[in-house]
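Q: Would you be able to build a 3D model of this:
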Amino acid sequence: MQDILVPEKELRSLVSKKLTDAGLNQPDAHIVADVLVHADMRGVRSHGVIRTEHYVTRLNAGSLNRNPTFSFAKIRPGAGMLDADDGMGHPACLEAVSKACDLARDAGIAMVGVCNGSHCGALSYFMMHAVSKNMIGIGVTHTDKCVAPFGGSQAFFGTNPIAFGFPTRKHDPVILDMATSNTAFGKILHARETNASIPGDWGIDNNGHPTTDPNKVAAMTPFGGHKGYGIALVIDVLTGVLLGAEYGPHITAMYGDYEKPRKLASTMIAIDPDTYAGVDQFCSKMDAMVADLHAEPPAPGFDKVLVPGEIEWNNERTSREHGVPVLETIYEYLKH
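A: Modelled structure (predicted):
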C-alpha cells in the first residue's frame with residue numbers, strides 16, 4: 001500500500017468536504033480537518049485523516065450532533081465546564097483550552113472540563129493553541145477500554161493520553177503528547193490497514209499472550225508496566241470520575257454502538273507563567289534548557305539529544321514543503 005504526498009490545503013479541503021457532506025456544520029468541519037491534518041503533518045498518522053471515515057460513520061448513525069450548541073459555565077475564578085452537546089470533540093476541546101487560557105489570565109491557573117464530548121484527535125493541537133497565547137498547557141482525555149491493567153489479561157482503561165505544551169522564544173515550543181498505552185490504538189489500526197506486523201510489546205491476544213499480529217490484538221499494554229497503568233487510572237479520575245462521566249469499561253466503545261453518543265470527558269488546564277517567574281524569564285529558561293540538552297553528548301546510535309515534540313516539528317516542516325504523506329486508499333476515500 002503506497003503513500004502519496006498531498007498539499008496540506010488540499011487535504012484540509014477534502015476532509016472538511018467529506019464531513020460537511022455527512023451533515024456536519026462547516027465551522028466544526030474546518031476545525032476537525034485542521035486537527036487531523038495537523039496530526040498527519042507531524043507524523044502522528046494514527047490520529048490523522050485516517051479517522052475521517054469513522055467520524056462520517058458516526059455522523060450518519062446520529063451519535064454525533066451535526067449542529068451542537070456548546071454551553072460554558074464559569075464555576076469559580078479558575079474553573080469552568082463546557083458541555084459539548086454530543087458534538088465533535090475537536091472544536092469542543094479547542095473552545096475549552098481557549099476558555100482555560102482566558103480564565104488563567106486572571107486566576108493564574110485554570111481548568112476547564114468538557115462533558116458530553118467525543119473523540120478529539122491529537123492533544124498536541126490544543127497544547128499548541130495554549131502555547132500561542134504564552135500559556136503552559138496541560139490536557140488529558142479518556143476513551144473506551146482497550147488497554148489491559150498491569151497484571152491483567154483483559155482491557156479495562158483506554159489509551160488515556162496526556163499532553164503538555166511549554167512556550168519558548170528561540171526554539172520550537174516543547175510539546176509532549178503521549179498515550180499511556182505502549183502505543184496509540186490508531187497505530188495498530190494503521191498496521192492493520194497496511195498489513196504490517198507490530199512490536200511484541202504493543203498488545204496481547206484473547207488469551208493474554210503478547211502478539212505481533214495487529215489483527216489478533218484484544219488489548220494493548222500500558223507503557224512502563226505498572227507506571228503507565230497508574231497514570232492511565234489517574235487520567236480517568238481527572239476526566240470521567242471528576243467531571244461526572246464514566247470510566248474504563250463503562251465508556252461507550254469508539255468502534256461499535258455507532259448510534260450511541262460516547263459522552264467522553266476531557267480536561268484542559270492553562271497556567272500563566274506570569275504568575276510565577278514571568279513569561280519572559282520562563283521562555284528564556286526553556287530556551288536555555290533546550291540548548292543545554294542539544295549540547296549533551298549523544299549515546300551510541302544517536303546523532304543528537306532531542307526534546308519532546310522536536311521530531312514532530314521537523315516532520316511538520318517537511319510536510320509543509322513537500323506535501324503530507326497519506327495512504328493512497330485513504331486519499332481515494334476522501335476524494336469520492
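
Q: Bridge partners for residue 177, pull those for me.
A: Beta-bridge pairing of residue 177 under DSSP bridges involves residue 163.

Q: does it really touch residue 159, like I thought?
A: No. Look at residue 177 against residue 159 with CB atoms under 8 Å: they stay out of range, at 11.7 Å. C-beta coordinates here come from the backbone N, C-alpha and C atoms, glycine included.

Q: helix/strand/coil for residue 81?
A: For residue 81, the assignment made with DSSP: H, G, I helix; E, B strand; the rest coil gives strand.

Q: Hmm, it is touching residue 115, no?
A: Yes. With contact defined as CB under 8 Å, residue 81 counts as touching residue 115 (6.5 Å).

Q: Now list whatever residues contact both of the two.
A: Taking CB atoms under 8 Å, 6 or more residues apart in numbering as the contact rule, the neighbours common to residue 81 and residue 115 are residue 243.

Q: in what helix or strand does the residue nearest to residue 19 when sequence neighbours are not counted lie?
A: Once its chain neighbours are removed from consideration, residue 19 has its nearest residue in residue 29; the separation is 4.0 Å (CB to CB, 6 or more residues apart in numbering). For residue 29, the enclosing helix or strand under DSSP states H and E is helix 26-41.

Q: and the gap between the residue nearest to residue 19 and residue 36?
A: Here the criterion is CB to CB, to the nearest Å. By it, residue 29 lies 11 Å from residue 36.

Q: shared neighbours of these two, anything?
A: Common contacts of residue 29 and residue 36, defined by CB under 8 Å, 6+ apart, comprise residue 15.

Q: separation between residue 295 and residue 303?
A: 13 Å.

Q: tell me the contacts of residue 264?
A: Residues 89, 114, 117-120, 141-143, 239, 245, 251 are the ones in contact with residue 264 under the rule CB under 8 Å, 6+ apart.

Q: Just list whatever residues bridge to it.
A: Using DSSP bridges, the bridge partners assigned to residue 264 are residue 117.

Q: pretty sure residue 122 contacts residue 37?
A: No. Taking CB under 8 Å as the contact criterion, residue 122 and residue 37 are not neighbours in contact, 10.4 Å apart.

Q: I'd like to know how many residues surround residue 169.
A: Counted with other CB atoms under 10 Å, the neighbours of residue 169 add up to 12.

Q: Does the closest residue to it other than its chain neighbours belong to a helix, a strand or coil?
A: Spatially, and ignoring its direct neighbours in sequence, residue 169 is nearest to residue 283 (4.5 Å; CB to CB, 6+ apart). Classification of residue 283 into helix, strand or coil gives helix, according to three-state DSSP.

Q: residues near residue 283, how many?
A: Residue 283 has 20 neighbouring residues, counting by other CB under 10 Å.

Q: same thing with the one 4 residues further on?
A: Counted by other CB under 10 Å, the residues lying close to residue 287 total 15.

Q: Let me know the angle separating the helix or strand bottoming out on mean pLDDT in the chain from helix 26-41.
A: When the helices and strands of the chain are scored by mean pLDDT, DSSP states H and E, helix 185-193 comes last with a mean of 82. What separates the directions of helix 185-193 and helix 26-41 is an angle of 70 degrees, with axes from the mean of the first three to the mean of the last three CA atoms, to 10 degrees.

Q: Buried residues in helix 185-193, which are they?
A: 185-191, 193 (16 or more other CB atoms under 10 Å).

Q: try stretch 229-240
A: Under 16+ other CB under 10 Å, the buried positions of stretch 229-240 are 229, 231-233, 235-236, 238-240.

Q: From these, which land in helices?
A: For the buried residues of stretch 229-240, membership in helices holds for 229, 231-233, 235-236, with DSSP state H as the criterion.

Q: how much space between the residue nearest the centre of the chain and residue 217?
A: Centroid-nearest residue in the chain: residue 122, 2.4 Å away (criterion: CA atoms, centre = their mean). Taking CB to CB as the measure, residue 122 falls 21 Å from residue 217.

Q: can you pull the contacts of residue 36?
A: The contact partners of residue 36, by CB under 8 Å, 6+ apart, come to 15, 47-49, 51-52, 121.

Q: The nearest residue to residue 38 once chain neighbours are set aside: how many residues sit nearby?
A: With sequence-adjacent residues excluded and distances taken as CB to CB, 6+ apart, residue 38 is closest to residue 125, at 5.0 Å. Close neighbours of residue 125, defined as other CB under 10 Å, add up to 28.

Q: tell me which residues in the helix or strand that contains residue 125 are buried?
A: Taking DSSP H and E as the criterion, the element that holds residue 125 is helix 124-132. Counting neighbours by 16+ other CB under 10 Å, one finds that the buried residues in helix 124-132 are 124-131.

Q: what about it, distance to the chain center?
A: 11 Å (CA atoms, centre = their mean, to the nearest Å).

Q: Kindly calculate the angle that it makes with helix 26-41.
A: Following the same axes, to 10 degrees, one obtains 100 degrees for the angle between helix 124-132 and helix 26-41.

Q: Neighbouring strands - and their directions - for the helix or strand following helix 124-132?
A: Downstream of helix 124-132, the next assigned helix or strand under DSSP H and E is strand 136-141. Sheet partners assigned to strand 136-141 using DSSP bridges are listed as strand 162-166 (antiparallel), strand 264-271 (antiparallel).
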